[in-house]
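In: Here is the input, now give the coordinates:
(one chain, ligands or ions: 2)
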Amino acid sequence: MLNTFARRALGLKPVAATAVATRSMSLLRKRVEELIPEKQEEVKAVRAEKGDKVLCEVTVDQAYGGMRGVKSLVTETSLLDPHEGIRFRGLSIPECQEQLPKAAGGDEPLPESLFWLLMTGEVPTQAEAESLTEEWNARSEVPEHINKIIDSFPKTLHPMSQLVAAIGVLQEGSLFAKAYADGVHKSKYWETTYEDSMNLIAKLPNISSRIYRNTYHNGDVIASPGEDWGANIAAQLGYDSHEVKELMRLYMFLHSDHEGGNASAHATHLVGSTLSDPYLSFTAGVTALAGPLHGLANQEVLRWLNVVIDEVGGLPVSDEKLTEYIWDTLNSGRVVPGYGHAVLRTDDPRYTCQQQFALKHMPEDPKFKLVKQLHELVPPILTSIPKIKSGAANVDAHSGVLLTHYGLTEDNYYTVLFATSRALGVLASLTWDRALGLPLERPKSYTTEWIKNNM
Ligand SMILES: CC(=O)SCCNC(=O)CCNC(=O)[C@H](O)C(C)(C)COP(=O)(O)OP(=O)(O)OC[C@H]1O[C@@H](n2cnc3c(N)ncnc32)[C@H](O)[C@@H]1OP(=O)(O)O
Ligand SMILES: O=C([O-])CC(=O)C(=O)O
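Out: Ligands and ions are numbered 1, 2, ... in the order given. Sure thing, here's the model as predicted:
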């Protein structure tokens, strides 16, 4: 059922929300509302005390070099350490796995509990996490005319392009855009940013799974079972087992956020800084994620593995042949997908966490064994090349084989799952951008001519 704000924005008659939805709808928003004045004061005090401190100097090389290492963003939801990996609001991946509420009978954190953590900095109670499950189910309906538009997309259109287009159309329901057009006071921007974010996140399982079922299963769309967010995604893709639901909860938790400088988070933040609404801002993040050096690398990894397997005539493959293939890739001017990182300098803990899932659920899977073998062979080769700063495995080196194991072999769909998860992090951040009144982002650029003449 659409919530009252969304129905109004879509020109539909408001209907009474269920008692459950009304109760739960207030929980997270109420907590965020309580936290905003505290956080605004904190930021004000930090800026007053430390506003003139220097975070870093920027060299000409950094300006040409993709701003690597330039410290110039503030993002509250997570922080990346080059050696330790990501911490979500201070909690490492194992700490989240231990502390965050789970589904009944499950071992992996509910994405709902992670979203609560990202939004508030607090570990939710089981009841708080479950209130989000209820709330997202209550907000999950996609208007029928938008479903029809999604159904009209050709199967040949890349699923990421379908996702961008679908979210672009969903934007007609943006409460932020409407409130802005109606002249809302800037102190209230966060409220409709929050509502749009919640509506968009709630609808993503319906949208993402519809794209999958249309593209690969002749439009045989599966209705939401109304379980938790991760379980709904698994079920609507066509996987009803406990194990795939667990995998989907884990996947959605792991891919959600990676501080503010990665291309999808930064793109969402940048576009959001123009006061573009959450739907349009998120499409910017999705298009960034669709690049092969970023999220699409998970698709590229699976393709790379499949080409290796075809070329060597099946598994297992010897270390010698694999080494030869890695060098062929490098010598032909291509990257080895799933390895290297702009910030991380050791194995990505998201890789390690997925490996633990595989060891528990699918230790004998031949492609998992190939991934493990590559994990031994690729890093020393890459680190033997002086220009490469890290040869370590990143998150994308592993995710595809987990999905493939359970039968989800359509690799050009994988990044849609990544994007669905990434919505949790970047939309939580966007809500805080509005709550803290962050301004338009607009760094200064120079020409080469200027640098030659002035540096
Ligand atoms: C969710 C994510 O986004 S995780 C990352 C997913 N992307 C991939 O797995 C793609 C493969 N990896 C890469 O292309 C890179 O390691 C990136 C894009 C992730 C990081 O790039 P950078 O920060 O520029 O890394 P770095 O400083 O080490 O790059 C220096 C050189 O090494 C190369 N290099 C880095 N990693 C690799 C790799 N895996 N294979 C081959 N070459 C590599 C770069 O292409 C660059 O070459 P160039 O100077 O000729 O352009
Ligand atoms: O941090 C980065 O640059 C890329 C990455 O791993 C992510 O966004 O998940």
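
In: how deep is residue 430 tucked in, by neighbour count?
Out: 30 (other CB atoms under 10 Å). From N, CA and C alone the C-beta is placed, and that goes for glycine too.

In: how much space between the residue nearest to it when sequence neighbours are not counted and residue 432?
Out: Excluding its sequence neighbours, the residue lying closest to residue 430 (CB to CB, 6 or more residues apart in numbering) is residue 272, at 4.7 Å. For residue 272, the distance to residue 432 equals 11 Å [CB to CB, to the nearest Å].

In: Of those two, which one has the most company?
Out: Of the pair residue 272 and residue 432, residue 272 is the one with more neighbours under other CB under 10 Å, namely 27 against 24.

In: Per-residue pLDDT of that one, please?
Out: With respect to pLDDT, residue 272 scores 98.

In: quick one: it from ligand 2, how far?
Out: Between residue 272 and ligand 2 the distance is 17 Å, computed by CB to the nearest ligand atom, to the nearest Å.

In: so who does that residue touch?
Out: Counting by CB atoms under 8 Å, 6 or more residues apart in numbering, residue 272 makes contact with 278, 281, 430, 433, 434.

In: Show the pLDDT at the third one.
Out: At residue 430 the predicted local confidence, pLDDT, stands at 99.

In: next one: the helix or strand containing it to chain centre, how far?
Out: Here residue 430, judged by DSSP states H and E, is contained in helix 414-435. Taking the mean of its C-alpha atoms, helix 414-435 sits 6 Å from the chain's own mean (CA atoms, centre = their mean, to the nearest Å).

In: Give me the helices and strands touching the helix or strand following it, please.
Out: Beyond helix 414-435 on the C-terminal side, the first helix or strand identified by DSSP H and E is helix 448-454. If contacts are counted by 3 or more CB pairs under 8 Å, 6 or more residues apart in numbering; DSSP states H and E, helix 448-454 sits against no helix or strand.

In: hang on, the earlier thing: is the helix holding residue 430 positioned near ligand 2?
Out: No - using CB under 6 Å from any ligand atom, helix 414-435 stays clear of ligand 2, coming no nearer than 7.5 Å.

In: just to revisit the earlier point, let me have the contacts of residue 272 in a markdown table, extended by distance to residue 340.
Out: Converted to a markdown table, the contacts of residue 272 look like this (distance: CB to CB, whole Å):
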| residue | distance to residue 340 |
| --- | --- |
| 278 | 31 |
| 281 | 28 |
| 430 | 28 |
| 433 | 29 |
| 434 | 34 |
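
In: most surrounded residue in those?
Out: Comparing the contacts of residue 272 by number of neighbours (other CB under 10 Å), residue 278 comes first, having 32 neighbours.

In: in what helix or strand does residue 117 lie?
Out: Judged by DSSP H and E, residue 117 forms part of helix 111-120.

In: what residues does the stretch 51-200 of the chain put near ligand 1?
Out: residue 68.

In: residue in the stretch 51-200 of the chain nearest to ligand 1?
Out: residue 68 (5.6 Å; CB to the nearest ligand atom).

In: Pick the one among the contacts of residue 272 closest to residue 193.
Out: Lowest distance from residue 193 to the contacts of residue 272 (CB to CB) belongs to residue 434, with 4.3 Å.
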